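Participant: Make a model of this:
(2 chains)
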Amino acid sequence: MTHVLVTHADEPIGRRVVKNLYHDPNVEVIFAIGSGPPPRKFDPYLAGSEPRVTYTRLDLAKHRPVHDLFHSAGFRAAEIDTVVYVPRHGAGSSLNEPLVGGISERTAESRLLLQHCLETRTIQHLIAIGSAFVYRLPPGNANHLSEESELNLDPNVMPEVRAWIDSDMIFHSEVHNDRLRVVLLRVPTVVAAGGYVYLHPSLAGRPGSRVRALGFDPICALVSDKDVARAVRAATRAPVSGIFNIAGGEAIPLSLLSRWTGHTSIPVPGPLLGMLDATERVLGIESRLGASGGVHLRYGFTLDTDRAAEELGFRSQYRIGLARAGDGALRLDTASV
Amino acid sequence: MSEIESPQPVAETPNALVAPGRALGRDPFDDVASSDPLDEALEQLETRESRRPMDRPRARRAHRSVRAAAPATAPRSTARQADPAADADAPKPDNLARLIRRRWSTTPPLAEIELPPPKGLIDRLLSSDERRVLASLAHLVEGEAPYDRFGYSPEVMKSTFLVMRTLYQYYFRVRSEGHEHIPHEGPAVLAGNHGGLLPFDAAMAVIDGALHTDPPRLIRTVVDRWAGTLPWVNLFYARAGQVIGTRENFDKLLRDGQLLLVFPEGIEGMRKTIAHRYRLQEFRVGFIEQALRSRAPIIPVAFIGSDDQTPILFDIKPLARKLGIPVAPITPTFPWLGPLGILPYPVSYRIVYGEPLRYHERFGPEGADDPRLVRYLANQVRRTVQLMIDRNRQ
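Facilitator: Numbers count the residues shown, from 1 in each chain, chains lettered A, B, ... in the order given. This next block holds a predicted model:
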């Protein structure tokens, strides 16, 4: 039986992961942590005298709270053997705020979590959700990328993607660890029912106007949040470590994805994108127009998921498309096939 | 997300990708409560693992030795690097392998296509046979999604096909032979000579391949990375089924059992002046490596006419370098007629497909790791194409 710790369980993907693991008969205890109050959907899980799920508020980016958590009596009693790192994926702009020393929040979280996982002898398994936007994109509307594709180590890459790359490399460094089994799941744009989009550098956040490069309409790989949760569940049970691409069957152009998610897509000539980006930074409204998307506004990618199918037994089960919601509006939705 | 929980009929939606009648917005826990193929796969993974005579993941132990031997290798999953001796006791045939076996992307035969009544002007301008071909090619896109993973759009292909089909028949008056060498299914690499400032040779091959194969096959041309940087051009290529020549794209398409057309001369083929037309430049070797690794035959193709469509008198290389473009040509019409000067002359095209070269059967995938062999095979393909050109020009 597995005892799992899930980070950022109060955010959409974290919630989905907790729900999925809750229904896994192999998971006995779920230790959920998040920065906000426990989600209302957890109420049935947290009720009862000996609930399988416990929820703790914690700032994962700060050393002291994390240290205290890993050395607390409650944590020891839970006998956690598996840690699932779900990164924060809420508002895009808040992710770019640097901490002391210029380290992004995500980088700090990754470093602290990995350090404590290595120090805690009971933890044998660390599963981290990373981003597929870490790959270097060659020119082209749709590039197929495998786990062996190069990472984008360009120093001028946008801050959010740089944070993803830093986090990716931190976990990557321990993939060959003999004691701790590290699984890194690289996911593309995550789509949830109701038209919510996570982890896309320029589409995250509330619907509004978003720019894209004129004459380009890159293909975006998509994955349902439910499939991400299934992949995490598969990783908790599959006896492997390594890096795995996780993606769904659909891939659509950026303009269509913008439309489906309620954004207005504005084509802007390439040279103007840089100026717009600089202006947004000066005004402190990054990600309002998504001009900082950089190369991802021109070139697209899809992911090779053969390794995940072969070694994790994971295949996407959810299709992504438009469906009419209760209020009569068409919204992006996911459905099992 | 409660707004999607009312059971509205999905079939009314214009872009619905979901089958009619399928309930959306169910209880969030339904997906984990109902049967999930993942459970079956996980059980098999665990069964497979439990039969191994060690508690810890076997692959990790094997990995230590690999890491010691090659510390600078790219990140790899440990399970892939298990030693063969430990694999010997793994159950075979493995059900999991059957579950994840890749199927080739195929198109249905023309006889199986039922055509709906024509809709719109383009449908009316196309013959029923051509509409059947396009309907069959649309099956390359999985499900009802409007695009495939490489950006191919059947809708864009339909309008492109109409224009190119007209050029094929009336402007270039294409004659072709050797279609029997194009396999009905499975991967193959078509390697041909390249000429002309605009890639009409590739366009004519796509139309020719679609019209003369049953089930129709989409020939996907591998284009230079430079084309991917051009606004609109990159979009047009992708939507018409062409792909940028990266190793991953190449590998994925061959594993999917698709037809790839490569011009191994690269940009040098385009730069040939009138004095060197139909004299093949040195071939690159990447297509040989990929064909060997993917066990795909190589089909030599000769294009007669492409080198005559825009004869280059001079190529001002310093100017091309300065402008960041592959070629700065002087032709009888360019730059004198402006952009119109690069349009092709109405030359007669001839496309000849040669017998497949099945190097993969003789040398296997491991042959791709031998640089001398790969170079030798590339020269062999070049010689074959050159012979076909010389024979058919006479």
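Participant: in the stretch 101-250 of chain B, which segments are predicted with low confidence?
Facilitator: Along the stretch 101-250 of chain B, the parts satisfying pLDDT under 70 run over B:101-103, B:143-145.
Participant: Can you pull up the residues of it that come close to chain A?
Facilitator: B:102, B:142-151, B:225-232, B:234-235, B:237-239, B:243-244, B:246, B:248-249 (Cβ under 8 Å from any Cβ of the partner chain). (Glycine included, C-beta is placed from N, CA and C.)
Participant: Can I get the buried ones among those as something I can paste into PyMOL?
Facilitator: Selecting only the buried entries of these in PyMOL, with 16 or more other Cβ atoms under 10 Å in any protein chain shown as the criterion:
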select buried, chain B and resi 145+146+147+148+149+150+151+227+228+229+234+235+237+238+239+243+244+246+248+249
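Participant: where do the helices sit along the stretch 101-250 of chain A?
Facilitator: Taking DSSP state H, counting those that start in this stretch to define them, one finds helices in the stretch 101-250 of chain A at A:105-119, A:159-172, A:225-237.
Participant: Show me what the longest one is packed against.
Facilitator: Identification of packing neighbours for helix A:105-119 by 3 or more Cβ pairs under 8 Å, 6 or more residues apart in numbering or on different chains; DSSP states H and E yields helix A:63-70, strand A:82-85, strand A:125-131, helix A:159-172.
Participant: One more: the last one?
Facilitator: Secondary structure elements in contact with helix A:225-237, counted by 3+ Cβ pairs under 8 Å, 6+ apart, are strand A:2-6, helix A:12-22, strand A:82-85, strand A:125-131, strand A:181-187, strand A:189-192, strand A:330-336, helix B:37-50.
Participant: Convert the C-alpha atoms of the first one to PDB, please.
Facilitator: The one in question is strand A:2-6. What follows is strand A:2-6 as a C-alpha-only set of coordinates in PDB (Å, rounded to 0.1, in the frame of the first residue of the first chain):
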ATOM      1  CA  THR A   2       1.200   3.400  -0.900                       C
ATOM      2  CA  HIS A   3       1.300   6.600   1.300                       C
ATOM      3  CA  VAL A   4       1.400   9.600  -0.900                       C
ATOM      4  CA  LEU A   5       2.100  13.300  -0.400                       C
ATOM      5  CA  VAL A   6       0.700  15.600  -3.000                       C
END
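Participant: Give me the secondary structure label for A:Y55.
Facilitator: At A:Y55 the chain is in strand, as set by DSSP: H, G, I helix; E, B strand; the rest coil.
Participant: which ones are touching it?
Facilitator: A:Y55 sits next to A:A9, A:A32, A:I33, A:G34, A:P38, A:F42, A:L46 when contact means Cβ atoms under 8 Å, 6 or more residues apart in numbering or on different chains.
Participant: Also A:E119?
Facilitator: A:F70 are the contacts of A:E119 under Cβ under 8 Å, 6+ apart.
Participant: Please apply the same query to the one 5 residues further on.
Facilitator: Taking Cβ under 8 Å, 6+ apart as the definition of contact, the neighbours of A:Q124 are A:D81, A:T82, A:R179, A:L180, A:R181.
Participant: wait, isn't A:G249 in contact with B:D148?
Facilitator: No - contact criterion Cβ atoms under 8 Å: A:G249 and B:D148 do not qualify, at 10.3 Å.
Participant: B:Y345 and B:G305 touch, don't they?
Facilitator: No - with contact taken as Cβ under 8 Å, B:Y345 and B:G305 are classed as non-touching, separated by 9.7 Å.
Participant: Fine by me, thanks again.
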